[in-house]
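Student: Provided below are the primary sequence and the corresponding predicted coordinates.
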Amino acid sequence: MKLSVAILISGSGSNMVQLIKSMDNNHPAYPGVVISNKPDAAGIKKAQDLGIPTEIICENSHKSNGLVFERKLRKILNRYEIKIICLAGFMRILSKDFVEIFKGRILNIHPSLLPKYKGLNTHARALASNEQFAGCSVHLVTSELDGGPVLAQSKISIDKTDNVESLSTKVLKEEHVLYPKVLLKFATELKNL
Ligand code: GAR
């Protein structure tokens, strides 16, 4: 039986689209649901256009209460019998308890060569530090922000003319290739366990 994947987004969902498209008939996993914590995330319509069920957990009503947010999230994940969670531009930190429940089954993509530049504004910080290289990392999610074991990375050179916009475009292109590759390997190994 194929493994059901939840893709969690907060924004444009370009990584989500690539993950969905990669899960073809021969893939060991399928996109079960796309979940957004932002009702106006552009990715929601993209998922719907691709025929994938979507769910919104409105963050504003749960700002002061992460427990309620995650209780709703867990209900949805159970309903869709989710086996793998892919964070794809999901800009909310999951609690230690939540991560523990899905231990070893949550992936995240981060736009830096981890362990460098965890957190936000990665490209601006890499440029400010005169880095020669940038890139992206797919890692397992643990309770430490962007700190779980790295599964794979993609590295590119930073040109002298690069700015935040050009660098983020170049890195995003790499993300779109890397994340589906890692998901395929991860799902294949999980299925064969
Ligand atoms: C991507 O660059 C992703 O790596 C980054 O947000 C962007 C989402 O783009 N994620 C993080 O910074 C998480 N810490 P997308 O919505 O078009 O996939």
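Tutor: In hand now; what should we look at? If you're wondering where the values come from, they're calculated on a predicted model, not measured in any experiment.
Student: Does the top helix by length along the chain reach the ligand?
Tutor: Within the chain, and with DSSP state H defining each element, the longest helix by residue count is helix 164-191. Yes. Contact of helix 164-191 with the ligand (CB under 6 Å from any ligand atom) involves 172, 175. All C-beta spots, glycine's among them, are computed from the backbone N, C-alpha and C.
Student: In that helix, which residues are buried?
Tutor: 167-168, 170-172, 174-176, 178-180, 182-184, 186-187 (16 or more other CB atoms under 10 Å).
Student: same check, this time on stretch 20-30
Tutor: Buried residues in stretch 20-30 (16+ other CB under 10 Å): 20, 22, 23, 27, 28, 29, 30.
Student: Pull the most distant pair out of the residues you listed.
Tutor: Spanning the widest gap among the buried residues of stretch 20-30 are 20 and 28, at 14.9 Å by CB to CB.
Student: for this structure, where's the lowest mean pLDDT among helices and strands?
Tutor: The helix or strand of the chain with the poorest confidence is helix 66-79; it has a mean of 94 (mean pLDDT, DSSP states H and E).
Student: Which elements pack onto it?
Tutor: Contacting helix 66-79 under the criterion 3 or more CB pairs under 8 Å, 6 or more residues apart in numbering; DSSP states H and E are the following elements: strand 29-36, helix 96-101.
Student: Give me the residues contacting the last one.
Tutor: Right, helix 96-101. With contact meaning CB atoms under 8 Å, 6 or more residues apart in numbering, helix 96-101 is reached by 70, 73, 74, 106, 141, 142, 143.
Student: give me that answer again for 7 Å
Tutor: 70, 106, 141, 142, 143 (CB atoms under 7 Å, 6 or more residues apart in numbering).
Student: Run through the bridge partners of the closest residue to the third one other than its chain neighbours.
Tutor: In space, residue 141 comes closest to residue 106 once its chain neighbours are excluded; the distance is 3.9 Å by CB to CB, 6 or more residues apart in numbering. Beta-bridge pairing of residue 106 under DSSP bridges involves residue 85.
Student: need the contact list for the residue lying closest to residue 131 once chain neighbours are set aside.
Tutor: Leaving aside its chain neighbours, residue 131 sits nearest to residue 158 (5.8 Å; criterion: CB to CB, 6+ apart). Taking CB under 7 Å, 6+ apart as the criterion, residue 158 is in contact with 126, 131, 132, 133, 134, 167.
Student: One more pass at 10 Å, please.
Tutor: 123, 126-127, 130-135, 166-167, 170-171 (CB atoms under 10 Å, 6 or more residues apart in numbering).
Student: Please apply the same query to residue 66.
Tutor: By CB under 10 Å, 6+ apart, the contact set of residue 66 is 59, 92, 93, 94, 95, 97, 98.
Student: Number of residues surrounding the first one?
Tutor: As a burial measure, the neighbour count of residue 59 was computed by other CB atoms under 10 Å and equals 16.
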